[in-house]
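Enquirer: Need the 3D shape of this:
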Amino acid sequence: MLGCLKIPRGTRLRKPALVELLVGSAAVAVLTSAPHAPTWIPVEVPHAAIGAVACPAPDSCVAVGSYHEPSGHVRGLLATLSRGAWTADLAPLPTSPPTNDAGDSDLTDIACGDRGFCVAAGWSTSAGGSPHGLLETLSGGSWTSTQAPLPARADATSAASLSAVACPSVRWCAAVGSYFDRKPSALGLIETYADGHWSATQPLAPPPNANAAPDVFLQTVNCPAADACVAIGSYVDKGGNIPELIETLAHGRWTPTEVPRAAFFAVSCPGVGSCVAVGSTYGKTGRLHGLIETLSTGTWTARLAPLPQTRATDGSPVLDAVTCPTVGSCVAIGAYVNTSLGHDDLIDVLSEHTWRPARVTLSAGNDAHHEALSCPTTASCVAVGSYLDARGTALHSLVETLSGTRWTAWPAPLPPNAEKGDPVASFDDMTCPTPVSCVAVGWYRDTAGSTQGLIETPAGPH
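Expert: Reported below is the predicted structural model:
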């Protein structure tokens with residue numbers, strides 16, 4: 001049954017938001033009559049901008065983002081699934097200024113250490129002030145807001161923001177982002193939650209070849225256990241180049257690793273000391289290659305992503321997302337140019353110490369881009385993102401599922417008020433707490449040409 005998630009009265013649309021919930025194991029006519037199709041039943045979320053979601057259990061999820069108040073201010077949004085119902089609330093702020101002096105806030109990522117314990121990360125401002133890192137902690141049934149502390153030697157007025165957070169347990173979390181010093185130059189910011197308190201790691205040592213103004217930006221983090229993390233970002237070297245930066249936390253110390261001519265889009269760490277990061281790299285001749293970086297025995301090792309034989313001479317592959325259900329077992333997904341000069345999905349699988357391309361043909365469209373991939377088991381995966389239609393003019397939501405050894409692409413149904421014919425939509429994030437229960441977030445466009453958000457509710461087995 002279609003429905004609508006209410007958000008605080010008077011809110012105004014800023015950016016689309018889409019949340020889809022996948023539940024069950026049999027076909028439902030609303031999507032397709034084919035077997036094994038995921039059941040995605042849309043429920044509209046008006047005015048929300050939702051960009052991240054976490055589910056510590058199939059019936060317990062938190063999605064985060066932002067929306068506009070009538071005053072024009074942007075406020076952080078917390079949407080919570082509990083007992084089968086979604087509710088949306090404003091994120092509390094560290095301070096409570098008068099309404100006519102309110103600032104802005106936004107939540108960019110969410111992680112849950114267990115049911116009832118989650119942390120959202122982002123930024124907030126006071127009226128006319130610089131942004132500060134924002135941390136929202138759910139514990140004991142309520143959210144507590146904290147302004148992210150800065151390193152001891154930082155200027156207390158420095159601008160800062162947080163982009164990602166990871167919580168391997170209810171006792172320990174890490175959030176990453178950046179802050180600006182007096183030069184001004186951006187420096188990496190890492191916040192640690194332990195013993196119920198947040199503290200900032202002292203300024204990270206940039207790689208030896210970093211510029212005097214290194215402009216370090218940390219964008220994502222993955223922590224398989226307390227005091228064991230990998231953060232990925234970028235910095236500026238002495239030659240003015242912008243290499244990728246991998247910061248590895250082990251034995252209480254963060255160690256930087258430079259990866260030149262590369263861009264990383266995702267990292268997965270199935271165990272302490274075992275991680276895989278994926279993206280792309282430009283070779284010395286300027287050709288684009290898919291890139292896989294693997295952490296093992298304390299060392300990062302790079303290799304190019306293997307391609308199917310259907311690739312063009314210059315396949316220009318890119319890996320967008322990766323997940324590793326267990327150590328030594330991973331799935332990475334992206335796209336490449338085939339011999340017909342069209343775009344096909346690239347799915348590489350790590351098994352028995354070897355990466356191999358999966359044999360798949362997923363003709364979703366052109367220029368497929370995967371925002372997230374979740375594999376609760378090695379034989380059950382869901383990937384979401386977007387692709388362009390054959391004309392290359394309209395963006396559509398992309399859902400791809402692995403069941404056993406077979407990958408299949410499915411359309412995601414949209415609410416009745418979605419534009420007709422060729423609806424525009426996309427996904428931004430997703431997670432699967434079990435093989436038959438997933439949540440994805442994104443956006444769609446309605447018949448009036450406005451972008452809207454939604455939540456997908458269960459429709460029984462699929």
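
Enquirer: what's the longest strand in the protein?
Expert: In the chain, with assignment by DSSP state E, the single longest strand is strand 366-377.

Enquirer: which regions of the stretch 251-400 of the chain lie under the pLDDT threshold?
Expert: The stretch 251-400 of the chain contains residues with pLDDT under 70 at 310-315, 338-343, 359-366, 392.

Enquirer: quick one, strands of it?
Expert: Secondary structure of the stretch 251-400 of the chain (DSSP state E, counting those that start in this stretch): strands located at 253-259, 262-271, 274-282, 288-296, 299-304, 318-326, 329-337, 343-351, 354-357, 366-377, 380-388, 395-403.

Enquirer: how about the ones you listed, which one is nearest Gln219?
Expert: Each of the strands of the stretch 251-400 of the chain has some distance to Gln219 by CB to CB; the shortest is strand 262-271, at 8.4 Å. (C-beta placed from N, C-alpha, C; glycine too.)

Enquirer: Run the angle between the closest one and strand 288-296 for me.
Expert: 30 degrees (axes from the mean of the first three to the mean of the last three CA atoms, to 10 degrees).

Enquirer: just checking, what packs against strand 262-271?
Expert: Counting contacts by 3 or more CB pairs under 8 Å, 6 or more residues apart in numbering; DSSP states H and E, strand 262-271 packs against strand 217-225, strand 228-234, strand 244-250, strand 274-282, strand 288-296, strand 318-326, strand 329-337.

Enquirer: Quick check: Ala205 touching Arg253?
Expert: No - shown here, Ala205 and Arg253 do not form a contact pair, counting by CB atoms under 8 Å, at 9.6 Å.

Enquirer: So for the two, which residue has more residues nearby?
Expert: More crowded of Ala205 and Arg253, by other CB atoms under 10 Å: Ala205, with 13 against 9.

Enquirer: so who does the nearest residue to the more buried one once chain neighbours are set aside touch?
Expert: Nearest non-adjacent residue to Ala205, counting by CB to CB, 6 or more residues apart in numbering: Pro256, 6.5 Å away. Shown in contact with Pro256 (CB atoms under 8 Å, 6 or more residues apart in numbering): 204-207, 245-247.

Enquirer: Could you measure from Glu352 over to Ser329?
Expert: Separation of Glu352 from Ser329 (CB to CB, to the nearest Å) stands at 9 Å.

Enquirer: Looking only at neighbour counts, state which of those two leads.
Expert: A side-by-side neighbour count of Glu352 and Ser329, using other CB under 10 Å, places Ser329 first with 16 against 7.

Enquirer: how much space between the more buried one and Thr401?
Expert: According to CB to CB, Ser329 and Thr401 sit 18 Å apart.

Enquirer: what's the answer for Ala368, then?
Expert: From Ala368 to Thr401 the distance is 14 Å (CB to CB).

Enquirer: returning to that earlier point: is it possible to export the helices and strands packed on strand 262-271 to JSON lines including distance to Ser437?
Expert: Conversion of these to JSON lines gives the following (distance: least, CB to CB, whole Å):
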{"stretch": "strand 217-225", "distance to Ser437": "22"}
{"stretch": "strand 228-234", "distance to Ser437": "27"}
{"stretch": "strand 244-250", "distance to Ser437": "31"}
{"stretch": "strand 274-282", "distance to Ser437": "24"}
{"stretch": "strand 288-296", "distance to Ser437": "29"}
{"stretch": "strand 318-326", "distance to Ser437": "15"}
{"stretch": "strand 329-337", "distance to Ser437": "18"}
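
Enquirer: Show me the one of these that comes nearest Met430.
Expert: Among those, strand 318-326 comes nearest to Met430, with 9.7 Å by CB to CB.
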